[in-house]
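> give the three-dimensional model of this entry:
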Amino acid sequence: MSLGAHLVELRNRLFIAAAGLVVGMVVAFIITTPVIDYISEPIKVVAQSRGDDFAKLNFGTVTAAFDMRMRIAFALGILLSAPIWLWQIWAFIMPGLTKKEIRYTLSFVGAAVPLFFAGCYVALTVMPHIIELMYNFTPSGGVAVNFYSAPEYYDFVFKLMVVIGVSFVLPVFLVALNVAGIMSGRAILKGWRVAILIATVFAALATPAADVVSMLMLAGILIVLYFAAASLSLLFDKRKKKRQDEILAEPAG
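Numbers count the residues shown, from 1 in each chain. This next block holds a predicted model:
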């Protein structure tokens, strides 16, 4: 194909991906009410602990409620339309890849996507404990109340999901570096002390300092994923060495 034909194909695929995103946003906008109910459930729990007037989700402007629904619809629309836009991206770049590159790409995407959603699930599991724990630092006796700004509250939940989701995908990149020949499995495993330190510091930053259980749970999962990536890289290195030995052992000619 000529450069012009490639640009036309790119335009068409971008149009299809954008149309899929719009449809996904429309569907997501319909279900924003149960989503808001779900993420604001911790606020209801802490409100009931001291009285319904002590914790509320606050919409500070006329359009704040609509803006929050649109932001949720956009985020969910990206997820719902992912099969469409991922396929459009894949169909555009696949003709330029070798069979080996296609196999590796599918393997990495197939591992990264479930890990990302697993991280999002962990974030949603930890999130209520964080909110309840932080609420306990509010002075009691009716002298203070918590009015959670809706946009900031949503940003907190969304960023927590993205950060933990991405952290779960990082071991896949370690394996990718090993497959590309940039890092050996032994080199990855050699840095286990640094990896444990980074995982612990990250977990401490992603969770409140007082929530030790959530911090240890998150750090433990990240450490297990790291050692899994190192073990898989060592296995790949062993297979590479075995193939190289077989090639060297073959008689010349």
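
> figure out the helix or strand that the residue most central in space within the chain lives in.
For the chain, residue 165 is the residue whose C-alpha lies nearest the centre (CA atoms, centre = their mean; 2.2 Å). Residue 165 is part of helix 150-179 when elements are defined by DSSP states H and E.

> same question, residue 57
Per DSSP H and E, residue 57 falls inside strand 55-58.

> and that strand, which residues are buried?
Buried positions in strand 55-58, judged by neighbour count with 16 or more other CB atoms under 10 Å: 55-57. Every C-beta, even on glycine, is put in place using the N, C-alpha and C of the backbone.

> one more: stretch 124-138?
Within stretch 124-138, the residues that count as buried by 16+ other CB under 10 Å are 126-131, 133, 135.

> same thing with stretch 3-20?
13, 17, 20.

> list the residues that contact the last one.
Residues touching residue 20, when contacts are defined by CB atoms under 8 Å, 6 or more residues apart in numbering, comprise 81, 84-85, 88.

> which non-adjacent residue is nearest it?
The shortest distance from residue 20 to any non-neighbouring residue, by CB to CB, 6 or more residues apart in numbering, is to residue 84 (3.3 Å).

> with the first one instead?
Excluding its sequence neighbours, the residue lying closest to residue 13 (CB to CB, 6+ apart) is residue 88, at 4.1 Å.

> could you do the second one as well?
Using CB to CB, 6+ apart and skipping the chain neighbours, the partner closest in space to residue 17 is residue 85 (3.8 Å).

> and that neighbour, how far is that from residue 173?
Look at residue 85 and residue 173: by CB to CB, to the nearest Å, they are 22 Å apart.

> correct me if wrong: residue 160 contacts residue 127.
Yes. Between residue 160 and residue 127 there is a contact under CB atoms under 8 Å: 6.0 Å.

> where does the stretch 1-150 of the chain have low pLDDT?
With pLDDT under 70 as the threshold, the stretch 1-150 of the chain has low-confidence stretches at 1-2, 50-54, 97, 140-143.

> all strands for it, in order.
Ranges of strands within the stretch 1-150 of the chain are 55-58, 146-149, based on DSSP state E, counting those that start in this stretch.

> adding distance to residue 228, write the ones you listed out as TSV.
What follows is the strands of the stretch 1-150 of the chain, written out as TSV (distance: least, CB to CB, whole Å):
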stretch	distance to residue 228
strand 55-58	39
strand 146-149	37
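
> out of those strands, which comes closest to residue 122?
Nearest to residue 122 among these is strand 146-149 (22.1 Å), distances taken as CB to CB.

> note down every partner strand of the closest one and its orientation.
Here strand 146-149 is paired, per DSSP bridges, with strand 55-58 (parallel).

> output the partner strand as CSV, nothing but the C-alphas.
Output of strand 55-58 as CSV, limited to C-alpha atoms (Å, rounded to 0.1, in the frame of the first residue of the first chain):
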residue,chain,number,x,y,z
ALA,A,55,-20.7,12.4,55.6
LYS,A,56,-22.1,13.4,52.2
LEU,A,57,-21.1,13.4,48.6
ASN,A,58,-21.1,17.1,47.7
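
> what does it contact?
With contact meaning CB under 8 Å, 6+ apart, strand 55-58 is reached by 40, 43-44, 46-47, 135, 145-150, 153.

> how about a cut-off of 7 Å?
Outside strand 55-58, the residues that touch it by CB atoms under 7 Å, 6 or more residues apart in numbering are 40, 43, 46-47, 135, 146-150, 153.

> ok, stretch 233-241 next?
Residues from elsewhere that reach stretch 233-241, judged by CB under 7 Å, 6+ apart: 174-175, 178-179, 184-186, 188-189.
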